[in-house]
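# build me a model from this:
(chains A, B, C and D)
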Number of protein chains: 2
Amino acid sequence: MAATSTREKIICAADLLFYQQGFSHTSFADIAKAVNISRGNFYYHFKSKDQILSAVISLRRSNTHLLLKKWELCTAQPNLRLLSFIQLLQLNQDNILRYGCPVGTLCAELIKLDHPANSDARMILTLYRTWLRRQFSALGHKTQADNLALHLLTQSQGIATLASAFNDRTYLSRQILLLQQWLDKLLNQETIPVS
Amino acid sequence: MAATSTREKIICAADLLFYQQGFSHTSFADIAKAVNISRGNFYYHFKSKDQILSAVISLRRSNTHLLLKKWELCTAQPNLRLLSFIQLLQLNQDNILRYGCPVGTLCAELIKLDHPANSDARMILTLYRTWLRRQFSALGHKTQADNLALHLLTQSQGIATLASAFNDRTYLSRQILLLQQWLDKLLNQETIPVS
DNA sequence: GTCTATACGCCGATAGAC
DNA sequence: GTCTATCGGCGTATAGAC
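Numbering: from 1, shown residues only, chains lettered A, B, ... in the order given. Have a look, this model is predicted:
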(Lines give C-alpha, C1' and ligand atoms only; values in the text may rest on other atoms or scores of the structure.)
Protein backbone atom coordinates (compact mmCIF):
# COMPACT_ATOMS: atom_id res chain seq x y z
CA MET A 1 0.00 0.00 0.00
CA ALA A 2 2.97 2.28 0.59
CA ALA A 3 4.77 2.75 -2.74
CA THR A 4 2.31 4.09 -5.31
CA SER A 5 3.60 4.16 -8.87
CA THR A 6 3.45 7.33 -10.91
CA ARG A 7 1.00 5.66 -13.22
CA GLU A 8 -1.34 4.97 -10.33
CA LYS A 9 -0.95 8.50 -9.06
CA ILE A 10 -1.91 9.87 -12.47
CA ILE A 11 -5.01 7.68 -12.67
CA CYS A 12 -6.00 8.62 -9.15
CA ALA A 13 -5.59 12.35 -9.75
CA ALA A 14 -7.40 12.13 -13.09
CA ASP A 15 -10.23 10.23 -11.44
CA LEU A 16 -10.76 13.04 -8.97
CA LEU A 17 -10.34 15.86 -11.49
CA PHE A 18 -12.66 14.25 -14.04
CA TYR A 19 -15.25 14.08 -11.30
CA GLN A 20 -14.78 17.64 -10.11
CA GLN A 21 -14.20 19.43 -13.42
CA GLY A 22 -15.45 17.02 -16.03
CA PHE A 23 -13.38 15.05 -18.54
CA SER A 24 -12.98 17.51 -21.39
CA HIS A 25 -12.44 20.47 -19.12
CA THR A 26 -9.55 18.75 -17.36
CA SER A 27 -6.25 19.33 -19.15
CA PHE A 28 -2.97 17.49 -18.92
CA ALA A 29 -1.61 20.56 -17.22
CA ASP A 30 -4.21 20.14 -14.46
CA ILE A 31 -3.35 16.51 -13.85
CA ALA A 32 0.39 17.16 -14.12
CA LYS A 33 0.10 19.87 -11.50
CA ALA A 34 -1.85 17.60 -9.16
CA VAL A 35 0.69 14.78 -9.46
CA ASN A 36 3.68 17.10 -9.53
CA ILE A 37 5.24 15.83 -12.71
CA SER A 38 5.91 17.52 -16.04
CA ARG A 39 3.45 17.38 -18.90
CA GLY A 40 5.92 15.61 -21.15
CA ASN A 41 6.43 12.80 -18.70
CA PHE A 42 2.81 11.93 -19.14
CA TYR A 43 3.28 10.29 -22.46
CA TYR A 44 5.63 7.77 -21.01
CA HIS A 45 2.67 6.34 -19.08
CA PHE A 46 -0.22 7.07 -21.44
CA LYS A 47 -0.24 7.60 -25.17
CA SER A 48 -3.32 9.81 -25.19
CA LYS A 49 -5.94 11.47 -23.03
CA ASP A 50 -8.44 8.82 -24.04
CA GLN A 51 -6.16 6.17 -22.55
CA ILE A 52 -6.22 8.00 -19.23
CA LEU A 53 -10.00 8.12 -19.40
CA SER A 54 -10.05 4.43 -20.14
CA ALA A 55 -7.84 3.71 -17.14
CA VAL A 56 -10.01 5.90 -14.91
CA ILE A 57 -13.16 4.07 -15.98
CA SER A 58 -11.44 0.74 -15.36
CA LEU A 59 -10.49 1.90 -11.89
CA ARG A 60 -14.03 3.00 -11.16
CA ARG A 61 -15.46 -0.27 -12.41
CA SER A 62 -13.00 -2.17 -10.28
CA ASN A 63 -13.70 -0.04 -7.21
CA THR A 64 -17.44 -0.45 -7.67
CA HIS A 65 -17.02 -4.18 -8.04
CA LEU A 66 -14.97 -4.33 -4.84
CA LEU A 67 -17.46 -2.20 -2.93
CA LEU A 68 -20.37 -4.42 -3.92
CA LYS A 69 -18.34 -7.49 -3.07
CA LYS A 70 -17.53 -6.01 0.33
CA TRP A 71 -21.17 -5.31 1.06
CA GLU A 72 -22.00 -8.85 0.10
CA LEU A 73 -19.33 -10.27 2.40
CA CYS A 74 -19.78 -7.99 5.39
CA THR A 75 -23.57 -7.86 5.43
CA ALA A 76 -25.50 -11.07 5.63
CA GLN A 77 -29.05 -9.78 5.16
CA PRO A 78 -29.97 -8.51 1.68
CA ASN A 79 -32.23 -5.79 3.11
CA LEU A 80 -29.30 -4.36 5.06
CA ARG A 81 -27.18 -4.54 1.91
CA LEU A 82 -29.77 -2.44 0.11
CA LEU A 83 -29.57 -0.01 2.97
CA SER A 84 -25.82 0.26 2.40
CA PHE A 85 -26.52 1.38 -1.15
CA ILE A 86 -28.86 4.12 0.03
CA GLN A 87 -26.45 5.19 2.76
CA LEU A 88 -23.75 5.65 0.16
CA LEU A 89 -25.61 8.82 -0.81
CA GLN A 90 -25.30 9.97 2.78
CA LEU A 91 -21.65 9.04 3.06
CA ASN A 92 -20.78 11.01 -0.08
CA GLN A 93 -23.18 13.86 0.51
CA ASP A 94 -20.56 16.60 0.42
CA ASN A 95 -19.24 15.52 -2.96
CA ILE A 96 -22.70 14.87 -4.38
CA LEU A 97 -23.82 18.35 -3.41
CA ARG A 98 -20.82 19.85 -5.19
CA TYR A 99 -20.32 17.61 -8.18
CA GLY A 100 -23.30 15.28 -8.52
CA CYS A 101 -22.99 11.54 -9.04
CA PRO A 102 -19.58 10.52 -10.45
CA VAL A 103 -21.08 7.86 -12.70
CA GLY A 104 -24.14 9.74 -13.89
CA THR A 105 -22.31 12.94 -14.73
CA LEU A 106 -19.52 11.09 -16.55
CA CYS A 107 -22.03 9.16 -18.65
CA ALA A 108 -23.91 12.35 -19.46
CA GLU A 109 -20.73 14.09 -20.56
CA LEU A 110 -19.44 11.20 -22.68
CA ILE A 111 -22.81 10.94 -24.42
CA LYS A 112 -22.64 14.59 -25.47
CA LEU A 113 -19.05 14.18 -26.64
CA ASP A 114 -20.16 11.09 -28.56
CA HIS A 115 -17.16 9.42 -26.95
CA PRO A 116 -16.52 5.69 -27.55
CA ALA A 117 -15.77 5.16 -23.84
CA ASN A 118 -19.44 5.88 -23.18
CA SER A 119 -20.47 2.22 -23.28
CA ASP A 120 -17.65 1.40 -20.89
CA ALA A 121 -18.79 4.01 -18.40
CA ARG A 122 -22.38 2.84 -18.40
CA MET A 123 -21.19 -0.62 -17.34
CA ILE A 124 -20.65 0.85 -13.86
CA LEU A 125 -24.37 1.55 -13.71
CA THR A 126 -25.02 -1.98 -14.89
CA LEU A 127 -22.86 -3.33 -12.07
CA TYR A 128 -25.09 -1.59 -9.56
CA ARG A 129 -28.24 -2.63 -11.38
CA THR A 130 -27.30 -6.30 -11.40
CA TRP A 131 -26.22 -6.27 -7.79
CA LEU A 132 -29.38 -4.50 -6.63
CA ARG A 133 -31.51 -6.93 -8.65
CA ARG A 134 -29.82 -9.84 -6.92
CA GLN A 135 -30.61 -8.44 -3.49
CA PHE A 136 -34.27 -7.85 -4.29
CA SER A 137 -34.44 -11.30 -5.79
CA ALA A 138 -33.00 -12.82 -2.62
CA LEU A 139 -35.71 -11.02 -0.65
CA GLY A 140 -38.42 -12.81 -2.61
CA HIS A 141 -39.21 -10.13 -5.18
CA LYS A 142 -38.30 -12.42 -8.05
CA THR A 143 -40.43 -10.94 -10.85
CA GLN A 144 -40.04 -7.32 -9.80
CA ALA A 145 -36.36 -7.48 -8.91
CA ASP A 146 -35.08 -5.63 -11.97
CA ASN A 147 -37.79 -2.96 -11.77
CA LEU A 148 -37.05 -2.37 -8.12
CA ALA A 149 -33.33 -2.14 -8.89
CA LEU A 150 -34.05 0.40 -11.61
CA HIS A 151 -36.24 2.36 -9.23
CA LEU A 152 -33.39 2.73 -6.74
CA LEU A 153 -30.97 3.67 -9.50
CA THR A 154 -33.39 6.18 -11.02
CA GLN A 155 -34.02 7.76 -7.66
CA SER A 156 -30.36 8.10 -6.75
CA GLN A 157 -29.57 9.68 -10.13
CA GLY A 158 -32.42 12.15 -9.82
CA ILE A 159 -31.52 12.99 -6.25
CA ALA A 160 -27.86 13.57 -7.09
CA THR A 161 -28.77 15.78 -10.06
CA LEU A 162 -31.18 18.00 -8.13
CA ALA A 163 -29.08 18.08 -4.97
CA SER A 164 -26.15 19.50 -6.89
CA ALA A 165 -28.26 21.76 -9.11
CA PHE A 166 -29.99 23.31 -6.10
CA ASN A 167 -26.96 22.80 -3.86
CA ASP A 168 -29.47 21.90 -1.18
CA ARG A 169 -28.32 19.68 1.68
CA THR A 170 -31.76 19.63 3.28
CA TYR A 171 -33.29 18.28 0.09
CA LEU A 172 -30.61 15.59 -0.13
CA SER A 173 -31.07 14.43 3.48
CA ARG A 174 -34.82 14.29 3.08
CA GLN A 175 -34.69 12.27 -0.12
CA ILE A 176 -32.34 9.76 1.49
CA LEU A 177 -34.81 9.39 4.36
CA LEU A 178 -37.69 8.89 1.93
CA LEU A 179 -35.72 6.21 0.08
CA GLN A 180 -35.09 4.37 3.34
CA GLN A 181 -38.77 4.58 4.20
CA TRP A 182 -39.70 3.30 0.77
CA LEU A 183 -37.42 0.31 1.28
CA ASP A 184 -38.79 -0.37 4.76
CA LYS A 185 -42.35 -0.27 3.55
CA LEU A 186 -41.59 -2.50 0.59
CA LEU A 187 -39.85 -5.16 2.64
CA ASN A 188 -42.39 -5.24 5.45
CA GLN A 189 -45.29 -6.05 3.17
CA GLU A 190 -45.71 -9.74 2.33
CA THR A 191 -43.68 -10.80 -0.72
CA ILE A 192 -45.50 -11.41 -3.95
CA PRO A 193 -45.72 -15.19 -4.48
CA VAL A 194 -44.35 -16.51 -7.76
CA SER A 195 -47.63 -17.90 -9.03
CA MET B 1 -42.89 34.86 -37.34
CA ALA B 2 -41.35 35.09 -40.81
CA ALA B 3 -38.30 37.35 -40.55
CA THR B 4 -35.97 35.97 -37.90
CA SER B 5 -33.02 38.18 -37.06
CA THR B 6 -29.49 36.83 -37.19
CA ARG B 7 -29.21 37.30 -33.47
CA GLU B 8 -32.24 35.09 -32.90
CA LYS B 9 -30.90 32.51 -35.31
CA ILE B 10 -27.62 32.39 -33.40
CA ILE B 11 -29.39 31.91 -30.07
CA CYS B 12 -31.62 29.24 -31.53
CA ALA B 13 -28.73 27.31 -33.08
CA ALA B 14 -26.66 27.65 -29.90
CA ASP B 15 -29.60 26.41 -27.86
CA LEU B 16 -29.76 23.22 -29.90
CA LEU B 17 -26.00 22.67 -30.06
CA PHE B 18 -25.49 23.28 -26.35
CA TYR B 19 -28.11 20.61 -25.75
CA GLN B 20 -26.67 18.10 -28.19
CA GLN B 21 -22.93 18.65 -27.65
CA GLY B 22 -22.73 20.49 -24.37
CA PHE B 23 -21.73 24.11 -23.82
CA SER B 24 -17.95 23.92 -23.63
CA HIS B 25 -17.69 21.40 -26.45
CA THR B 26 -19.62 23.67 -28.81
CA SER B 27 -17.33 26.12 -30.61
CA PHE B 28 -18.13 29.34 -32.41
CA ALA B 29 -17.25 27.51 -35.60
CA ASP B 30 -20.03 24.99 -34.89
CA ILE B 31 -22.63 27.68 -34.35
CA ALA B 32 -21.40 29.75 -37.30
CA LYS B 33 -21.70 26.73 -39.55
CA ALA B 34 -25.25 26.02 -38.35
CA VAL B 35 -26.38 29.61 -38.93
CA ASN B 36 -24.33 30.02 -42.10
CA ILE B 37 -22.46 33.14 -41.12
CA SER B 38 -18.78 33.80 -40.61
CA ARG B 39 -17.11 33.47 -37.25
CA GLY B 40 -16.09 37.11 -37.21
CA ASN B 41 -19.64 38.29 -37.68
CA PHE B 42 -20.45 36.74 -34.36
CA TYR B 43 -18.93 39.45 -32.32
CA TYR B 44 -21.21 42.02 -33.80
CA HIS B 45 -24.06 40.30 -31.97
CA PHE B 46 -22.32 38.92 -28.88
CA LYS B 47 -19.17 40.07 -27.17
CA SER B 48 -18.30 36.64 -25.76
CA LYS B 49 -19.33 33.02 -25.59
CA ASP B 50 -20.68 33.57 -22.11
CA GLN B 51 -23.07 36.17 -23.49
CA ILE B 52 -24.44 33.59 -25.91
CA LEU B 53 -24.90 31.16 -23.03
CA SER B 54 -26.67 33.85 -21.10
CA ALA B 55 -29.02 34.50 -24.01
CA VAL B 56 -29.70 30.78 -24.44
CA ILE B 57 -30.60 30.39 -20.76
CA SER B 58 -32.88 33.42 -21.01
CA LEU B 59 -34.59 31.85 -24.01
CA ARG B 60 -35.05 28.58 -22.18
CA ARG B 61 -36.44 30.30 -19.12
CA SER B 62 -38.82 32.24 -21.29
CA ASN B 63 -39.89 29.14 -23.23
CA THR B 64 -40.44 27.21 -20.02
CA HIS B 65 -42.49 30.06 -18.62
CA LEU B 66 -44.62 30.17 -21.76
CA LEU B 67 -45.13 26.40 -21.77
CA LEU B 68 -46.29 26.38 -18.16
CA LYS B 69 -48.56 29.35 -18.87
CA LYS B 70 -50.00 27.51 -21.86
CA TRP B 71 -50.73 24.41 -19.80
CA GLU B 72 -52.42 26.59 -17.23
CA LEU B 73 -54.57 28.30 -19.85
CA CYS B 74 -55.44 25.28 -21.99
CA THR B 75 -56.03 22.76 -19.23
CA ALA B 76 -58.58 23.55 -16.57
CA GLN B 77 -58.01 20.62 -14.19
CA PRO B 78 -54.76 20.64 -12.21
CA ASN B 79 -54.48 16.84 -12.37
CA LEU B 80 -54.52 16.97 -16.16
CA ARG B 81 -51.91 19.73 -16.04
CA LEU B 82 -49.65 17.44 -14.02
CA LEU B 83 -50.23 14.80 -16.66
CA SER B 84 -48.99 17.27 -19.28
CA PHE B 85 -45.73 17.54 -17.37
CA ILE B 86 -45.26 13.76 -17.36
CA GLN B 87 -46.22 13.50 -21.00
CA LEU B 88 -43.50 15.99 -21.87
CA LEU B 89 -41.07 13.13 -21.27
CA GLN B 90 -42.98 11.10 -23.82
CA LEU B 91 -43.16 13.92 -26.34
CA ASN B 92 -39.40 14.48 -26.16
CA GLN B 93 -38.43 10.84 -25.83
CA ASP B 94 -36.17 10.77 -28.88
CA ASN B 95 -34.11 13.70 -27.67
CA ILE B 96 -34.05 12.50 -24.07
CA LEU B 97 -32.73 9.11 -25.16
CA ARG B 98 -29.95 10.79 -27.11
CA TYR B 99 -29.05 13.80 -25.02
CA GLY B 100 -30.78 13.54 -21.65
CA CYS B 101 -32.72 16.40 -20.08
CA PRO B 102 -31.75 19.82 -21.48
CA VAL B 103 -31.99 21.51 -18.10
CA GLY B 104 -30.42 18.81 -15.95
CA THR B 105 -27.44 18.24 -18.21
CA LEU B 106 -26.78 21.96 -18.59
CA CYS B 107 -26.86 22.50 -14.83
CA ALA B 108 -24.53 19.53 -14.31
CA GLU B 109 -22.06 20.89 -16.85
CA LEU B 110 -22.08 24.45 -15.52
CA ILE B 111 -21.51 23.20 -11.99
CA LYS B 112 -18.37 21.35 -13.08
CA LEU B 113 -17.16 24.38 -15.01
CA ASP B 114 -17.86 26.46 -11.92
CA HIS B 115 -19.61 28.82 -14.31
CA PRO B 116 -21.42 31.89 -12.94
CA ALA B 117 -24.43 31.22 -15.21
CA ASN B 118 -25.10 28.14 -13.08
CA SER B 119 -27.52 29.91 -10.77
CA ASP B 120 -29.35 31.28 -13.78
CA ALA B 121 -29.77 27.83 -15.28
CA ARG B 122 -31.13 26.29 -12.11
CA MET B 123 -33.94 28.88 -12.14
CA ILE B 124 -35.52 26.84 -14.94
CA LEU B 125 -35.82 23.95 -12.51
CA THR B 126 -37.29 26.30 -9.96
CA LEU B 127 -39.91 27.42 -12.50
CA TYR B 128 -41.06 23.81 -12.85
CA ARG B 129 -40.90 23.25 -9.11
CA THR B 130 -43.06 26.26 -8.30
CA TRP B 131 -45.58 25.43 -11.00
CA LEU B 132 -45.86 21.78 -9.95
CA ARG B 133 -46.25 22.83 -6.33
CA ARG B 134 -49.10 25.11 -7.29
CA GLN B 135 -50.92 22.29 -9.06
CA PHE B 136 -50.59 19.90 -6.13
CA SER B 137 -51.71 22.63 -3.83
CA ALA B 138 -54.79 23.26 -5.94
CA LEU B 139 -55.59 19.55 -5.66
CA GLY B 140 -55.74 19.79 -1.88
CA HIS B 141 -52.23 18.59 -1.06
CA LYS B 142 -51.38 21.83 0.68
CA THR B 143 -48.73 20.66 3.13
CA GLN B 144 -47.12 18.10 0.83
CA ALA B 145 -47.23 20.21 -2.33
CA ASP B 146 -43.54 21.05 -2.45
CA ASN B 147 -42.46 17.52 -1.61
CA LEU B 148 -44.70 16.11 -4.32
CA ALA B 149 -43.33 18.64 -6.80
CA LEU B 150 -39.79 17.65 -5.88
CA HIS B 151 -40.69 14.00 -6.28
CA LEU B 152 -41.84 14.56 -9.85
CA LEU B 153 -38.75 16.61 -10.63
CA THR B 154 -36.43 14.07 -9.05
CA GLN B 155 -38.04 11.25 -10.97
CA SER B 156 -37.87 12.99 -14.32
CA GLN B 157 -34.21 13.86 -13.81
CA GLY B 158 -33.35 10.30 -12.84
CA ILE B 159 -35.35 8.87 -15.72
CA ALA B 160 -33.71 11.16 -18.26
CA THR B 161 -30.22 10.36 -16.95
CA LEU B 162 -30.67 6.59 -17.04
CA ALA B 163 -32.64 6.56 -20.30
CA SER B 164 -29.79 8.31 -22.08
CA ALA B 165 -27.04 6.39 -20.27
CA PHE B 166 -28.59 3.04 -21.17
CA ASN B 167 -30.09 4.38 -24.39
CA ASP B 168 -33.12 2.29 -23.52
CA ARG B 169 -36.49 3.29 -24.96
CA THR B 170 -38.31 0.47 -23.18
CA TYR B 171 -37.03 1.69 -19.83
CA LEU B 172 -38.13 5.23 -20.63
CA SER B 173 -41.66 4.21 -21.68
CA ARG B 174 -42.09 2.08 -18.60
CA GLN B 175 -40.94 4.80 -16.22
CA ILE B 176 -43.36 7.27 -17.79
CA LEU B 177 -46.15 4.78 -17.28
CA LEU B 178 -45.15 4.26 -13.65
CA LEU B 179 -45.12 8.01 -13.07
CA GLN B 180 -48.65 8.28 -14.48
CA GLN B 181 -49.81 5.44 -12.25
CA TRP B 182 -48.21 7.08 -9.25
CA LEU B 183 -50.10 10.28 -10.01
CA ASP B 184 -53.38 8.41 -10.52
CA LYS B 185 -53.03 6.58 -7.25
CA LEU B 186 -52.10 9.73 -5.38
CA LEU B 187 -55.05 11.74 -6.66
CA ASN B 188 -57.64 9.01 -6.22
CA GLN B 189 -56.95 8.59 -2.53
CA GLU B 190 -58.74 11.05 -0.27
CA THR B 191 -56.80 14.24 0.23
CA ILE B 192 -55.09 14.79 3.55
CA PRO B 193 -57.18 17.31 5.52
CA VAL B 194 -55.39 20.40 6.78
CA SER B 195 -55.98 19.72 10.45
C1' DG C 1 -24.13 43.82 -40.83
C1' DT C 2 -21.17 40.82 -42.90
C1' DC C 3 -16.84 39.57 -44.46
C1' DT C 4 -11.48 38.22 -44.30
C1' DA C 5 -7.36 38.20 -41.96
C1' DT C 6 -5.08 37.62 -38.01
C1' DA C 7 -3.50 37.72 -33.02
C1' DC C 8 -2.85 34.95 -29.13
C1' DG C 9 -3.27 31.33 -25.81
C1' DC C 10 -4.13 26.71 -24.47
C1' DC C 11 -4.26 21.96 -25.48
C1' DG C 12 -2.80 17.45 -26.94
C1' DA C 13 1.11 15.30 -28.59
C1' DT C 14 6.19 14.50 -30.07
C1' DA C 15 11.37 14.63 -29.91
C1' DG C 16 15.21 14.12 -27.65
C1' DA C 17 18.55 15.24 -23.67
C1' DC C 18 19.60 13.49 -19.13
C1' DG D 1 11.52 7.62 -15.89
C1' DT D 2 11.66 12.32 -15.86
C1' DC D 3 12.80 16.46 -17.84
C1' DT D 4 12.71 20.70 -21.39
C1' DA D 5 11.63 22.38 -25.76
C1' DT D 6 8.68 22.66 -29.33
C1' DC D 7 5.14 21.62 -32.98
C1' DG D 8 0.52 21.87 -35.03
C1' DG D 9 -4.20 22.72 -34.33
C1' DC D 10 -8.13 24.66 -32.50
C1' DG D 11 -10.57 28.04 -29.74
C1' DT D 12 -11.83 32.73 -28.45
C1' DA D 13 -11.43 37.19 -29.63
C1' DT D 14 -10.02 41.52 -32.36
C1' DA D 15 -9.08 44.71 -36.40
C1' DG D 16 -10.42 46.53 -40.20
C1' DA D 17 -12.14 46.30 -45.25
C1' DC D 18 -16.54 46.27 -47.70
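
# any part of stretch A:11-27 near DNA strand D?
No: Stretch A:11-27 stays clear of DNA strand D (Cβ under 7 Å from any atom of the strand), getting no nearer than 10.4 Å. (C-beta placed from N, C-alpha, C; glycine too.)

# got the buried residues for that stretch?
A:11-26 (16 or more other Cβ atoms under 10 Å in any protein chain shown).

# stretch A:35-55 too?
Those would be A:35, A:37, A:42, A:45-46, A:49, A:52-55, for stretch A:35-55 by 16+ other Cβ under 10 Å.

# from these, which land in helices?
Of the buried residues of stretch A:35-55, the ones assigned to helices by DSSP state H are A:35, A:42, A:45, A:49, A:52-55.

# on that earlier part again, as JSON lines, the buried residues of stretch A:35-55 with distance to B:Tyr171 would be great.
Below are these laid out as JSON lines (distance: Cβ to Cβ, whole Å):
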{"residue": "A:Val35", "distance to B:Tyr171": "39"}
{"residue": "A:Ile37", "distance to B:Tyr171": "43"}
{"residue": "A:Phe42", "distance to B:Tyr171": "39"}
{"residue": "A:His45", "distance to B:Tyr171": "38"}
{"residue": "A:Phe46", "distance to B:Tyr171": "35"}
{"residue": "A:Lys49", "distance to B:Tyr171": "31"}
{"residue": "A:Ile52", "distance to B:Tyr171": "31"}
{"residue": "A:Leu53", "distance to B:Tyr171": "26"}
{"residue": "A:Ser54", "distance to B:Tyr171": "26"}
{"residue": "A:Ala55", "distance to B:Tyr171": "29"}
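
# and those, which is closest to A:Leu152?
Nearest to A:Leu152 out of the buried residues of stretch A:35-55 is A:Leu53 (Cβ to Cβ; 27.2 Å).

# and the nearest residue in space to the closest one that is not next to it in sequence, what pLDDT?
Computed as Cβ to Cβ, 6 or more residues apart in numbering or on different chains, the closest residue to A:Leu53 that is not its neighbour in sequence is A:Ala117, at 5.4 Å. We have a pLDDT of 98 for A:Ala117.

# just checking, A:Ala117 touches A:Ile52?
No: using Cβ atoms under 8 Å as the test, A:Ala117 is too far from A:Ile52 to be in contact (10.5 Å).

# burial check on A:Asp94, number of neighbours?
A:Asp94 has 10 neighbours, counted by other Cβ atoms under 10 Å in any protein chain shown.

# where does it land in three-state SS?
helix (DSSP: H, G, I helix; E, B strand; the rest coil).

# what parts of chain A come near chain B?
Applying Cβ under 8 Å from any Cβ of the partner chain, we find that chain A lies next to chain B at A:20-22, A:24-25, A:98-100, A:104-105, A:107-109, A:111-113, A:122, A:125, A:147, A:150, A:153-159, A:161-162, A:164-166, A:171, A:174-175.

# so which residue of chain A comes closest to chain B?
Of all residues in chain A, A:Gly158 sits closest to chain B, at 2.9 Å by Cβ to the nearest Cβ.

# give the contact list for that residue.
The contact partners of A:Gly158, by Cβ atoms under 8 Å, 6 or more residues apart in numbering or on different chains, come to B:153-159, B:161.

# closest one of those residues to DNA strand D?
B:Thr161 (25.6 Å; Cβ to the nearest atom of the strand).

# give the rounded mean pLDDT of the helix or strand hosting that closest one.
If you go by DSSP states H and E, B:Thr161 is part of helix B:145-166. Averaged across helix B:145-166, pLDDT comes to 98.
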